Every structure is written in structure tokens, then in C-alpha cells.
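[1] have a look at this prediction, sequence included:
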Amino acid sequence: MSQPVKTKKTNRNFFIFNRDNGTKIIDFVFHWSISLKMCIFVIQFISMNTILLSIGSNTFAKTNIDKAKRMLTRLFPEIIFTQPILTEPDEEKYSFLFRNVLAKAETEMTPEEVIDKIKQTERAVGRSPKDKYLGKVIIDIDLLQYNNEILRPGDLERDYVQQLLATLPQAALPATSETSEAAAEDASAPVVGTYDDDTDPED
């Protein structure tokens, strides 16, 4: 005599969405996504590097520096610029006064990448190799410091750089106590002057 075939009963409730479990899943996904975003933010924050740039010009200086500032702002959206300062040229081949600005920014770029970008900016503003033989500096942008690494110590020690450095927010960048003391001492050192008008140094 054949045995009856037993059929496996399906628990219909198994296919019914459990609201409590669903809520827990949604909460888990939500908190996981928030945690992931926080991790990404922390990683980006840790990977950011502080840079100090010097910007100078002695030919249509305000126009060219303003142009460079706009381009640099596109590269470094949170960049901060100092007020300009006017200085005498330190070489005989330059006839006109210089307009100078410092800038502080945060970036994920390496020093080599920063230098490459600022050289591109110089060319875009109009700098040409022949200009230096004519005593003209259309625009000059230098990377003075990258985090605690001073790349151009001679430039960083200039009086006007120390004065401008002292005006940057949050005490700016110097890595050594000697440089920090110099900034404080040079804050009142004599210079040609600061200015905010539209007059170019050669006018």
C-alpha cells in the first residue's frame, strides 16, 4: 500500500514584510551611510595640506594680481589672501615698485602638483620668459611653505613677507620658533607702504 505524499507547508507569514525588521534595516543602512560619510570626511581632512604662496608683480600689478587671485581661488576654493604691500625692487634690473600678496590655502595636492598648477597660472596671466630681461614681472607665484616644510627660506625671511605673514588668520604657518619671533619683530618694520587703490606701481 502506497504511503500518501506529504506536502511541506509553507509559512505564509515568511513572505510578509515585517515592519519592525524593515525599520531596523533602514536604520542600519542610514547609520552606516552616515558613518561612511564621516569616515570620508575625516580621511579628506587628514589628507589636507596647508600651503603658503607669495604673489608679486611690478607690471600692471593690480590687474595681474587680481587675475591670478581669481585663478587661484578656482584651484583652492578656501584660499585666504592678505592685503597688498608695496616694496622697492631688490635688483637693479627692475625699475618699478612691486605689489606683493601672500595667500594661505588647503589642498590635497603634492608640492609638485601645486608648483605645476601655479606655473600654469603664471602662464595664463601672461608671464613670459623674456620679461625678466626687460625688468618686467607680469606675475610671480611661489610656493613658500608646504605644511611644516619651508621650500624657499630666503623668501620667507624677507621683511615684507614676515609682515604679511603676521596678518594671516590663526597665526599662519611658520614651523620654527625663530621664524615666529621674526614675524612678531618685523610686524612694525618700515616698508614703502600698503595700498588698496587701483594705481599700478609703475604709474
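    Yes, it's here. Numbering: from 1, shown residues only.
[2] from here on, just use CA atoms for contacts and neighbour counts.
    Noted.
[3] strands of the protein, start to end?
    49-57, 80-81, 85-87, 98-107, 140-146, 149-150, 193-194 (DSSP state E).
[4] of those, which is nearest residue 159?
    strand 85-87 (10.0 Å; C-alpha to C-alpha).
[5] pull up the pairing partners for the closest one, direction included.
    strand 98-107 (antiparallel), strand 193-194 (antiparallel) (DSSP bridges).
[6] could you dump the first one to PDB, C-alpha only?
    This file holds the C-alpha atoms of strand 98-107, laid out as PDB (Å, rounded to 0.1, in the frame of the first residue of the first chain):
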ATOM      1  CA  PHE A  98      56.400  95.600  -6.600                       C
ATOM      2  CA  ARG A  99      53.000  94.800  -5.400                       C
ATOM      3  CA  ASN A 100      53.000  91.800  -3.100                       C
ATOM      4  CA  VAL A 101      50.400  89.500  -1.600                       C
ATOM      5  CA  LEU A 102      50.600  86.300   0.500                       C
ATOM      6  CA  ALA A 103      48.000  83.500   0.300                       C
ATOM      7  CA  LYS A 104      47.200  80.600   2.600                       C
ATOM      8  CA  ALA A 105      45.300  77.600   1.300                       C
ATOM      9  CA  GLU A 106      44.400  74.000   2.000                       C
ATOM     10  CA  THR A 107      44.900  71.300  -0.700                       C
END
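[7] list the contacts of it.
    48-58, 61-62, 76, 78-89, 161, 164-165, 168, 172, 201 (C-alpha atoms under 8 Å, 6 or more residues apart in numbering).
[8] one step back: can you redo the strands of the chain as TSV with mean pLDDT?
    What follows is these, written out as TSV (pLDDT from 0 to 100):
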stretch	mean pLDDT
strand 49-57	98
strand 80-81	98
strand 85-87	97
strand 98-107	98
strand 140-146	98
strand 149-150	98
strand 193-194	48
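[9] any of the contacts of strand 98-107 buried? List them.
    The neighbour-count criterion (16 or more other C-alpha atoms under 10 Å) marks 49-58, 61-62, 76, 79-82, 84-88, 161, 164-165, 168, 172, 201 among these as buried.
[10] would you turn the strands of the chain into a markdown table with distance to residue 115?
    Below are these laid out as a markdown table (distance: least, C-alpha to C-alpha, whole Å):
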| stretch | distance to residue 115 |
| --- | --- |
| strand 49-57 | 10 |
| strand 80-81 | 18 |
| strand 85-87 | 23 |
| strand 98-107 | 12 |
| strand 140-146 | 7 |
| strand 149-150 | 14 |
| strand 193-194 | 27 |
